[in-house]
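1. build the 3D model from these lines:
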Amino acid sequence: MYFFTADEHYGHRGMISFCNRPFRSIEEMDAEMIRRHNALVGDNDVVIHAGDFCWCNNKRDAEKYIKQLKGNHVFLKGSHDHWLPRSAHEMWEKTIDGKHITVCHYPLYCWPRSHYNSWHLYGHVHGRMKLHGKSFDIGVDNTNFYPVSWSGVCEVMNGKPDNPNLIKHRS
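-> Purely as a prediction, here's the structure:
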């Protein structure tokens, strides 16, 4: 099973006030987000983290969070992912159940295959920006601090209008 999330900002005290997160301390925030993650994700599930995973500068510090989380993890580079190597990807594309999805830290106005009604998952904006069409902010501030399952993504996307650039009639 696939899960999607973004903008966890583990270890980033400023996120509590910046995003008005309902936690009294960084320790409480980190522990609760880890608990919610592990309540849904299984050991063999794949989790796509669309950037801003943690507030640290090296892999060793990031590992203290990663080792507490269930699943197999794919990390995309976001604004604060200085712990990832320079070669880390900023975009992840896959076709799941016949649906092409593009995951990126940043909200995109147009993304690969959007003119064929493909789906776009993003973070970065912490629930403060809504795009048109088949786009979904998967950041934790927009998902009650839980990762979103593939079936949850499908449920949200099936209720959204077509992409504005959808090619409706092809010759």
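2. contacting residues around the helix ranked longest in the chain?
-> The helix that spans the most residues within the chain, counting by DSSP state H, is helix 26-40. Residues from elsewhere that reach helix 26-40 (Cβ atoms under 8 Å, 6 or more residues apart in numbering): 3, 5, 8, 10-13, 15-16, 21, 23, 47, 65, 68-71, 140, 144-147, 149. The C-beta positions use only the backbone N, C-alpha and C, and glycine is treated the same way.
3. and if you look at stretch 141-154?
-> Contacts for stretch 141-154 (Cβ under 8 Å, 6+ apart): 1-5, 7, 19, 21, 32-33, 36-37, 39-41, 47, 96-97, 99, 101, 119, 121, 126-127, 136, 138, 140, 156.
4. in ChimeraX, select just the buried ones from the residues you listed.
-> ChimeraX command restricting these to the buried ones, with burial defined by 16 or more other Cβ atoms under 10 Å:
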select :2,3,4,5,7,19,21,33,36,37,40,41,47,99,101,119,121,126,136,138,140,156
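5. elements contacting the helix or strand that the longest helix of the chain is followed by?
-> Of the helices and strands lying after helix 26-40 in sequence (DSSP states H and E), the nearest is strand 46-49. Here strand 46-49 touches strand 2-5, strand 72-75, going by 3 or more Cβ pairs under 8 Å, 6 or more residues apart in numbering; DSSP states H and E.
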